[in-house]
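S.K.: Build me a model:
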Amino acid sequence: MRALFALAALLALTACGLQPMYAGGSGAAVAQGLAAVEVPAIPGRDGWLVRNALQERLGIAGPGAGKGGAAYRLDVRLDDSLEALGVLNDDTITRERRILRARYQLFDAATGAILLDATAGSDAGIDVVSSEYATIAAEQKALENLARKVAEQMVTQVALTLRARAAAAP
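M.R.: Residues are numbered from 1 along each chain as shown. Presented below is the predicted three-dimensional model:
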């Protein structure tokens, strides 16, 4: 009975049109397209963190991919803010919210055409404690985590855009 159910589920899954994005491994069009994305420097510490996270995720095709030069350029502008949430009667802050937003555009390097113009963002709550060092460390760790989340969102959108472009190509 279980085998019959598993077979039915497998057949239903193949009929839904769901396809793995990276089918074909590093030779897939999406993986090669991601490896051919150049990310120029992004100002600030938050920019450095986001750029490193982007480069880490974009290089999924392995070393040497995209040796023919970058086919795409990803321009990113960041907005990093820290706001007080929990404020006591004596104006002491007990909780903060760190927000990282990115506006990014994917360009075709050959034509200069904009292929994707989107935003990504995430936020994190931070407890403000009596130790200033611990609070600063928590703020920095939140920024590192947010940079990874935002980069992941951007790479997902870029991958979807490149997949749609590959599917539309003759």
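
S.K.: Show the pLDDT at Leu88.
M.R.: Leu88 is assigned a pLDDT of 80 by the prediction.

S.K.: Gln157 too?
M.R.: The model's pLDDT for Gln157 equals 95.

S.K.: How about it, nearest residue that isn't a chain neighbour?
M.R.: Leaving aside its sequence neighbours, Gln157 sits nearest to Ala118 (CB to CB, 6 or more residues apart in numbering; 5.4 Å). Yep, even glycine has a C-beta here, placed from its N, CA and C like the rest.

S.K.: Tell me how far the one you found lies from Thr156.
M.R.: 10 Å (CB to CB, to the nearest Å).

S.K.: again, but for Asp75
M.R.: 18 Å.

S.K.: next one: Thr119
M.R.: 13 Å.

S.K.: for the longest helix anywhere in the chain, which positions count as buried?
M.R.: Counting residues, the longest helix found in the chain (DSSP state H) is helix 132-168. Within helix 132-168, the residues that qualify as buried are 135, 138, 142-143, 146-151, 153-155, 157-159, 161-163, 165, counting by 16 or more other CB atoms under 10 Å.

S.K.: Please apply the same query to stretch 72-87.
M.R.: Applying 16+ other CB under 10 Å to stretch 72-87 flags Tyr72, Arg73, Leu74, Val76, Leu78, Asp80 as buried.

S.K.: Reformat these as a markdown table; add distance to Arg57, pLDDT and secondary structure.
M.R.: Output for the buried residues of stretch 72-87, formatted as a markdown table (distance: CB to CB, whole Å; pLDDT from 0 to 100; DSSP: H, G, I helix; E, B strand; the rest coil):
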| residue | distance to Arg57 | pLDDT | secondary structure |
| --- | --- | --- | --- |
| Tyr72 | 14 | 92 | strand |
| Arg73 | 16 | 93 | strand |
| Leu74 | 11 | 95 | strand |
| Val76 | 13 | 96 | strand |
| Leu78 | 16 | 96 | strand |
| Asp80 | 20 | 94 | strand |
